[in-house]
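Colleague: Dropping a prediction and its sequence here:
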Amino acid sequence: MPDDMRPVWIIARREVRDQFRDWRIIFPIIGLTLLFPFLMNFTAQQILDFARGYGADIVGERLVPFLMMIVGFFPLSASLVIALDTFVGEKERGSIEPLLNTPLQDWQLYTGKLLAAIVPSLTGSFLGMAVYLGGLGMQRVPLPELELTLLILVLTMVQAVVMVSGAVVVSSQATSVRAANLLSSFIIIPVALLIQGESVLMFWGTYATLWWAVFGLLVLAVLLVRVGLAHFRREELLGREIDVLNLRWGWRTFRQQFTGGAANLRDWYFKSVPVAVTRMKPAVILTSLFALVSIGIGAAQFQYFQVDIPTTDLGGSLGQVVQLLPTLSARPMLLIWLQNLRVQVIGLILGVFSFGILGFVPILAGMGISGYLIALLANNGIPALTAITAFLLPHSIFEIPGLILATAAVFQFGILIATSNTEKTIGEVAITALADWAKIMVGLVMPLLLIGAAIEAWVTPQIALLLLS
Amino acid sequence: MILAEGLTKKFDDFLAVDGIHLDVPTGQVLTLLGPNGAGKTTTVRMLTSVLRPTSGTARVAGFDVATEPERVRASVGVLTENHGLYRRMNAIEYLEFFGSLYGMSAGDRRKRSELLLEQFGLADASYRRLGEYSKGMRQKLALVRAMIHNPPVLLLDEPTSAMDPESSRMVRDAILSLRGNDRTIVVCTHNLAEAEVLADQIAIIRRGRIISYGGLAEIKRRFLGDPQFEIRFAAPLVGAPDPGEAVRVAALGPDWFRYSTTDPNRQNPVVLRRMMEQGLAVVSLQETGQSLESAYLEAVNQVPDGVNHA
């Protein structure tokens, strides 16, 4: 074993040994590992017989792997409890400080505790699935295919890593076990939704999609471990003692970052906002590339979803659109603007829970659909250039940069959260990253989208009418 | 062995430690005294590289606390204020766990654990679950843990706070014998009698600042004036005795008198000789009325209450 890993192993071994001396952990794991699978065997057999009675064999067949997934998932619930206790529990019991005084490096301590939370539950999980499969074998119920079994095993493993690494992040940042338990809903709710989604896919039989879920969870697990390591600080573990929502401090931190020390609006626009944009230059470049690629992917979808659209009376249809959108009428313009803003806020919410990654969804979807529509129009006799000029170009000159900036700002938020920062707490990093996002939104994205919405409501239909009637 | 210059720690707006200077040579015991919240624990945590100083520098056992934290921690044994032990482990397992984190071999860990448990009277409880230990036993075991890797520097926060008199004596003796073995020891304590016994140097901390730093005699002199001595005689005095011009008579009783001197090492033998020359039968000569407690209270009362703001 490499010397660097030895302390990791020492920490993990002690913790695992300690867990196996605690009946409050042992009994549920034994129950979920050895007894629950038999209950699931019984359930599987009953439902198979019931479904066969109605000729719905497929329901029974899909149920067998689904129950395997559930049997594997239940012991993981113990890992959440263990992981939530890792740091903050030791802090409350006063045993963390002697550990922090040893020559352990932060990553060694963190990884040791992470392993200690994952390994016993995962072992229980695999054992439970083995018991379940063994029970099925004994009842002569057809076992799931090898690839599907492997898929469920890998899925369970990445789920365990995601849950535990998320809980360890919570535990290392929370001020008390109570706070950690309250914050665990940020793990439990998404995982519950995930399990529901996976169940649907499992019954639907779209196992290839589940491999994508594995990939997504793997990325999330890596990011969560990275975030945990990046923001793990001994000092913070000992420093914070009480759970107080310090709104004044939060607002002051936000305000400082948002204004960037600017004395007036002009200063803010010409100094603070450009600094924020410069900081997220790589994110802007990456977002632009993704946007271009998604246009291509969208256009390529035309071959799978071919639709014939009547182009004979295009002028008439466009004329109706123009009548619906009278020039300088505020309502359609505001509706478009608010819709675009709403999408950006959804992008932020998705991004916050996925380190910026799902923040790409709105722009990828928008650009993909645009690509598809251009291909559709081009294949229905309207040249691509004309289609772009008529339907997209006038307002997209403003809208697309706005969307790119908004997406990049969400991605930048994720990057900042996942980046080590020895000067700030994770809360401070989150607040300042949010302030940067708000700065980009208020300073650039909202005005750009407003101009874009005005052009989209008042100018684009006129140009389309002019070019295509 | 411990050298700190301008060590400062700020928590947001709160200035916990404000520009502390320390210089503790090998083989000396420094006692940190101060009221609760004075900054003693924060200072110790900075010296163990657990807290990063906001400014200033410190070297412990030759290593920089900011740039060589692992080496500092490997060279230091720390008894923390909260010594929360792992309640489901026994003492041997516990010490072996910490010994292994300090990179000790299995043989060394076992040998040292047994030796220290024996020394601190815990050998009989070696295989008992730590959850069954009394408060004093836990405290002793935490001290043993701090010493398991035989560190050159020991930082002890309230080492005898939960102990009975016998155990306290045992721990004090252990600290004194470690000092004799060229260990450098920093003790944070509220027990001033203990500080008087242990300390080579005393630092009184108040509101994050060292308000007095020096040897025991120096601290007493600074806050209470010259040391006072009392001579008691076998028979009542007839007239005032003459101790000489180098000392100042502070009080006179029927069969005793008190005097103060700036240089007791030189003047006390002179005074005794003069008493005998005057035919006075001396029963005892002892220092009186200048406890560390008096000096400490005098020192801390000179600094007004309040909160430190950066």
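Modeller: It's in. Numbers count the residues shown, from 1 in each chain, chains lettered A, B, ... in the order given.

Colleague: and residue A:223, how many residues sit next to it?
Modeller: 20 (other Cβ atoms under 10 Å in any protein chain shown). Every C-beta, even on glycine, is put in place using the N, C-alpha and C of the backbone.

Colleague: quick one: buried residues of the strand or helix carrying it?
Modeller: Using DSSP states H and E, residue A:223 sits within helix A:207-231. For helix A:207-231, burial by neighbour count (16 or more other Cβ atoms under 10 Å in any protein chain shown) applies to A:207, A:210, A:213-214, A:216-217, A:220-231.

Colleague: Quick check: mean pLDDT of it?
Modeller: Mean pLDDT, helix A:207-231: 87.

Colleague: anything in stretch B:43-57 sitting right up against chain A?
Modeller: Yes - using Cβ under 8 Å from any Cβ of the partner chain, stretch B:43-57 comes into contact with chain A via B:45, B:48, B:50-52.

Colleague: Pull out the buried members of those residues.
Modeller: Neighbour-count burial (16+ other Cβ under 10 Å) is assigned, among those, to B:45, B:48, B:50-51.

Colleague: Run a quick neighbour tally on the closest residue to chain A within the stretch 151-300 of chain B.
Modeller: Here the stretch 151-300 of chain B gets closest to chain A at one residue, residue B:155, 8.6 Å apart by Cβ to the nearest Cβ. Using other Cβ under 10 Å, residue B:155 has 27 other residues around it.

Colleague: That one falls within a helix, correct?
Modeller: No - according to DSSP: H, G, I helix; E, B strand; the rest coil, the state of residue B:155 is strand, so it is not within a helix.

Colleague: Pretty sure it sits against residue B:183.
Modeller: No - assessed by Cβ atoms under 8 Å, residue B:155 is found out of contact with residue B:183, at 11.0 Å.

Colleague: for residue A:403, what are its contacts?
Modeller: A:291, A:340, A:344, A:362-363, A:366, A:445, A:449 (Cβ atoms under 8 Å, 6 or more residues apart in numbering or on different chains).

Colleague: Please read off the pLDDT at it from the model.
Modeller: On the pLDDT scale, residue A:403 gets 94.

Colleague: host element of it?
Modeller: Per DSSP H and E: helix A:393-418 holds residue A:403.

Colleague: Now do that helix against helix A:207-231, angle only.
Modeller: Orientation note: helix A:393-418 sits at an angle of 60 degrees relative to helix A:207-231 (axes from the mean of the first three to the mean of the last three Cα atoms, to 10 degrees).

Colleague: What residues sit buried inside helix A:393-418?
Modeller: In helix A:393-418, counting by 16+ other Cβ under 10 Å, buried: A:394-396, A:398-418.

Colleague: Repeat that for stretch B:232-250.
Modeller: Across stretch B:232-250, burial judged by 16+ other Cβ under 10 Å covers B:233, B:241, B:243, B:247, B:250.

Colleague: What average pLDDT does it get?
Modeller: On average, stretch B:232-250 scores 85.

Colleague: Ends of that stretch, what's the gap?
Modeller: 14 Å (Cα to Cα, to the nearest Å).

Colleague: contacting residues around it?
Modeller: B:226, B:228, B:231, B:252, B:254-261, B:263, B:267, B:270-271, B:274-275, B:278, B:280-285.

Colleague: What ranges does the stretch 51-200 of chain B have for its helices?
Modeller: Per DSSP state H, counting those that start in this stretch, the stretch 51-200 of chain B carries helices over the ranges B:69-75, B:91-101, B:106-119, B:135-147, B:165-180, B:192-198.

Colleague: Let me know the angle separating the fifth one from helix B:135-147.
Modeller: Going back to what we said before, that points to helix B:165-180. 10 degrees.

Colleague: quick one: helix B:165-180 to helix B:106-119, angle?
Modeller: 130 degrees.

Colleague: and helix B:165-180, what does it pack onto?
Modeller: helix B:135-147, strand B:153-157, strand B:184-188, helix B:192-198 (3 or more Cβ pairs under 8 Å, 6 or more residues apart in numbering or on different chains; DSSP states H and E).

Colleague: for the ones you listed, which one sits closest to residue A:142?
Modeller: helix B:135-147 (57.0 Å; Cβ to Cβ).

Colleague: how about the closest one: buried residues?
Modeller: Judged by neighbour count (16+ other Cβ under 10 Å), helix B:135-147 contains these buried residues: B:136-147.

Colleague: excluding its backbone neighbours, what's nearest residue 217?
Modeller: Let's take chain A. residue A:158 (4.1 Å; Cβ to Cβ, 6 or more residues apart in numbering or on different chains).

Colleague: my question was about chain B
Modeller: residue B:227 (7.0 Å).
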